[in-house]
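Chemist: here's my sequence, what's the structure:
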Amino acid sequence: MAPTTKKWDGTAMTQTDFMERDTVLVLSNDDTVIGSESKRSSHEFTPTQPRGVLHRAFSVFLFDSSTNELLLQKRASTKITFPNVWTNTCCSHPLHGMDVNEVDGPEDVKDGSVMGVKAAALRKLEHELGIPVGELPVEGFKFLTRLHYWAADTVTHGKKSPWGEHEIDYVLFITIPSKSTLTLKPHPDEVDDTRWVTQSQLLEMFADESLLFSPWFRLITNRWMIGEGSEKNVNGGKGGWWDDLKRTMETNDFCDYVNIHRFDPPSEHMGGGGDAGPMFDGAAVVGDASKKQGAYGKVKTHKESTLKQLVHLDEVCSAITLLYLQPLKSNLESDVIKQTFDPSDLAFCDEILCKVSRSFAAVIRQLPPTLLMDVLIFYLVLRALDTIEDDMTFFDSNEDKVKILQSFHKTALVDPNWKMMGCGEGDERRLLEEFPKCHSVYAALPEGSRRVISDITQRMATGMAEFVDKDLGQGTVDVQQYNRYCHFVAGLVGEGLSRLFSVSGLEQPSLATELHLSDQMGLFLQKTNIIRDYLEDYVDGRAFWPQSVWKKYSSSGDLGYFANPTTEEATNAGLYCLNELVTDALELVPDCLTYLSKLRCAEVFRFCAIPQVMAIATLEKCFNNGDVFTGVVKIRKGMSCMLINNTTDVLGVHGIFNKFATKVIRKAETARKSGFEDPSYDRTIKACQVILELTDQETKKAARQASLMNSTLVVSSCAAGLFAYKGNMGSGHSAMALTTATAASFGILSFFRMGFKKYLGNAATPSLLPAAKINNKN
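Modeler: Modelled structure (predicted):
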């Protein structure tokens, strides 16, 4: 259904009407529209939203170029927020659903056009100041930059003020030849007074303690507008925007469309109904080198509290086992690696791997020495390529990006001195800027591995280039395009890994020909990430949920509909869409299990199995879970440890898939009994039942062994704990005795569980061999 539009008539509404009826644009921290909210709700400062809801705004500064004067307004005493304060010419909000579209996207900001904000500015200049729309040409507005600020209206409503502002503000300058040509008829409910002032007159007003000013206007003026203001080194030493209006209006010297400048209000405007304190550490900007690529870290992460995690005792034992008793062994220190690669370049590759993918680093490091560096470099090369694809602001045009992508395998993998400066953010940027160190290691790999890496890199870059010009702000077009994108960015990775496994000699040559199974392995992981990262991707302006699926459920015709549901109908619609996509991913599991069954090397099996079991656990966590639409859903750390510990054999992996497929069925059935009519219910149950049928035999075998193991080990560990407790009680320290006993119990249980599981695993899965034995046979 197409979004509705409306004609806005400011003359027919009261201040209360504006609060209830105007729908502002709700934003992520990087200024992506993620929904809409009433003006009232977005400006309320409460304990549950201490700074209101971040939304988009604009600030117009209108100058008389003949006198260098700025038009100020004094906000009317009847205004609900910040009444009676002097401020710039006009401050307000672009709205959702206007007949003249007021919503700007990333490309509008990048090229500085922002026609939506400018349309909103013309609408409000007419409403507040009576300036006819046709009197100020839209092309006369100069968009300078964006400012992120917040302030509680404590001066008006007291320290516990229920009102405030929290905005990303678009700064618009406009000049007229003479104020004598301007029609000015202020609306009495909006403006109490107006005044034209020079810089010196404004500074005199600032010094008059009897006058009130909006906190944002005073800060903007001192920090950016006036070179002789209270802030030093204004605009990096270039002077203030107001110092040379001709330069500001006729050049782009002061235009910054990449960064968002952030600042807290003066101390007197902190507090409010939610007792909000400082939000920013000084003036910060988006694009800081410490940030992660894309939208990572810019939305909430849903995690369980430490207490809730600790009540899962089996996961606590697993964490102890993985962290202290049987950690994933790193083979980076092996002689074959030390003797083959430059030590400093090797150290860089290991360090940057941990920075760009800390969770994946340990899984790579446990690979056999004859394969480890091949996979590590394969990962870093593709991560560098992905960084180029993800950067939405570095390149002057999409054509430039496509050229870099398509030539990457002939430049970065051929020229030992190739590097790219300034692309990406944080550690990803560093990877590109110090890429010669990666090339040094790449060049020392076996020829067969280099051929695989180069081929997959070229084909992946070609696929990425295909999607560069596609507008992904609202996701992929259909499931076919969704699958195609996942093939390029993940399915090809699966193929490349299978070929590397084969050329290393650790797996059979036939594995390299299992293109379909390799592709499905990659698609399963990528689809899980896309489902989990709904909000991050939407915020970043590059989403992948297929429109042919989500448009069946979105009443607004916008992918962001699910991020801010206001009715039970909207909430349910989001869950319907989510569950259909989870089910689509679950249908890939049979092929993933088949692929794993074809592996013979224990280390390679574990390398492949760990991300697969993490994916099935994540899908179960996401299924029918509304948290997906408000942040990133993550499984417990203890559960992650338990999953990793159970990937040493087919028995454990099948048990994991069986467990989480069963949990999805229970969730679906519980929801159905409560009246939730999920359109995908039958399909979901069928997908899970297929998984249960494939894993049932191994799961029953594992259950029998687990019963024997647990009963034996619990008794022995409790006995050890009791012995430790009695031994310490003799000293009179009961608290210490209890602590020691508990630690002893967990330690003994974890230690013997590790050994027992290892014994049972070796007995049950003779088909998996350590790499050393395979190499000896070869």
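Chemist: the protein: strands as residue ranges?
Modeler: Assigned by DSSP state E, the strands in the chain fall at 23-27, 33-38, 55-64, 69-75, 86-87, 90-92, 142-152, 164-176, 191-197, 260-263, 284-285, 301-302, 632-633.
Chemist: out of those strands, nearest to residue 484?
Modeler: strand 632-633 (25.0 Å; CB to CB). In short, each C-beta sits where N, CA and C put it, glycine included.
Chemist: how near is residue 29 to residue 677?
Modeler: Computed with CB to CB, to the nearest Å, the distance linking residue 29 and residue 677 is 36 Å.
Chemist: so which of those two has more stuff around it?
Modeler: The neighbour count for residue 29 versus residue 677, taken as other CB atoms under 10 Å, is higher for residue 29 (16 against 9).
Chemist: surely the more buried one meets residue 54?
Modeler: Yes - using CB atoms under 8 Å, residue 29 is in contact with residue 54, at 7.1 Å.
Chemist: contact partners for the residue lying closest to residue 502 once chain neighbours are set aside?
Modeler: Nearest residue to residue 502, sequence neighbours excluded (CB to CB, 6 or more residues apart in numbering): residue 512, at 4.0 Å. Going by CB atoms under 8 Å, 6 or more residues apart in numbering, residue 512 touches 498-499, 501-503.
Chemist: swap the cut-off to 7 Å and go again
Modeler: Taking CB atoms under 7 Å, 6 or more residues apart in numbering, we find residue 512 in contact with 498-499, 502.
Chemist: looking at the chain, which helix or strand does the model trust least?
Modeler: One helix or strand of the chain scores below all others by mean pLDDT, DSSP states H and E: strand 284-285, with a mean of 38.
Chemist: highest neighbour count among the contacts of residue 512?
Modeler: residue 498 (27 neighbours).
Chemist: how about that residue, what does it touch?
Modeler: Contacts of residue 498 by CB under 7 Å, 6+ apart are 511-512, 514, 518.
Chemist: can you check residue 418 too?
Modeler: 411-412, 435, 439.
Chemist: are any of those residues buried, and which?
Modeler: Applying 16 or more other CB atoms under 10 Å to these, the neighbour count classes 412, 435, 439 as buried.
Chemist: any idea how far the first one lies from residue 569?
Modeler: Read that as residue 412. Noted for residue 412: a distance of 50 Å to residue 569, by CB to CB.
Chemist: ok, now which ones touch residue 523?
Modeler: 483, 486-487, 490-491, 588.
Chemist: swap in residue 599?
Modeler: Residue 599 sits in contact with 507, 605, 608, where contact means CB under 7 Å, 6+ apart.
Chemist: any idea which of these is closest to residue 617?
Modeler: Taking the contacts of residue 599 together and measuring to residue 617 by CB to CB, the closest member is residue 608, at 15.7 Å.
Chemist: count of residues packed around the nearest residue to that closest one once chain neighbours are set aside?
Modeler: In space, and not counting its chain neighbours, residue 608 is closest to residue 596: 6.1 Å by CB to CB, 6+ apart. Using other CB under 10 Å, residue 596 has 20 other residues around it.
Chemist: repeat for residue 301
Modeler: The local packing of residue 301 (other CB under 10 Å) involves 11 other residues.
Chemist: for stretch 308-321, which positions count as buried?
Modeler: 309, 312, 315-321.
Chemist: er, stretch 690-701 actually
Modeler: 691, 694-695, 698-699.
Chemist: next one: stretch 654-673
Modeler: Judged by neighbour count (16+ other CB under 10 Å), stretch 654-673 contains these buried residues: 654-665, 667-668, 671.
Chemist: show me what contacts residue 188?
Modeler: Residue 188 touches residue 76, counting by CB under 7 Å, 6+ apart.
Chemist: between the contacts of residue 512, which is nearest residue 405?
Modeler: Checking these one by one against residue 405 (CB to CB), the nearest turns out to be residue 499, at 21.6 Å.
Chemist: give me the contact list for stretch 261-280.
Modeler: 45-47, 49-51, 145, 147-152, 154-155, 159-162, 164, 215, 219, 283-285.
Chemist: and the gap between the closest residue in space to residue 247 that isn't next to it in sequence and residue 244?
Modeler: Once flanking residues are discounted, residue 247 sits nearest to residue 253: 6.0 Å by CB to CB, 6+ apart. The gap separating residue 253 from residue 244 is 9 Å, by CB to CB.
Chemist: same question for residue 449.
Modeler: Taking CB to CB, one finds residue 449 at 59 Å from residue 244.
Chemist: between the two, which has more neighbouring residues?
Modeler: Higher neighbour count among residue 449 and residue 244: residue 449, with 21 against 17, using other CB under 10 Å.
Chemist: quick check: the more buried one touching residue 375?
Modeler: No - using CB atoms under 7 Å, residue 449 makes no contact with residue 375, being 9.0 Å away.
Chemist: what touches both of the two?
Modeler: Jointly contacting residue 449 and residue 375 under the rule CB under 7 Å, 6+ apart are residue 500.
Chemist: what number of residues lie near the residue nearest to residue 247?
Modeler: For residue 253, the neighbour count with other CB under 10 Å is 12.
Chemist: which of the contacts of residue 498 ranks first by neighbour count?
Modeler: Neighbour counts for the contacts of residue 498 peak at residue 518, which has 24 neighbours (criterion: other CB under 10 Å).
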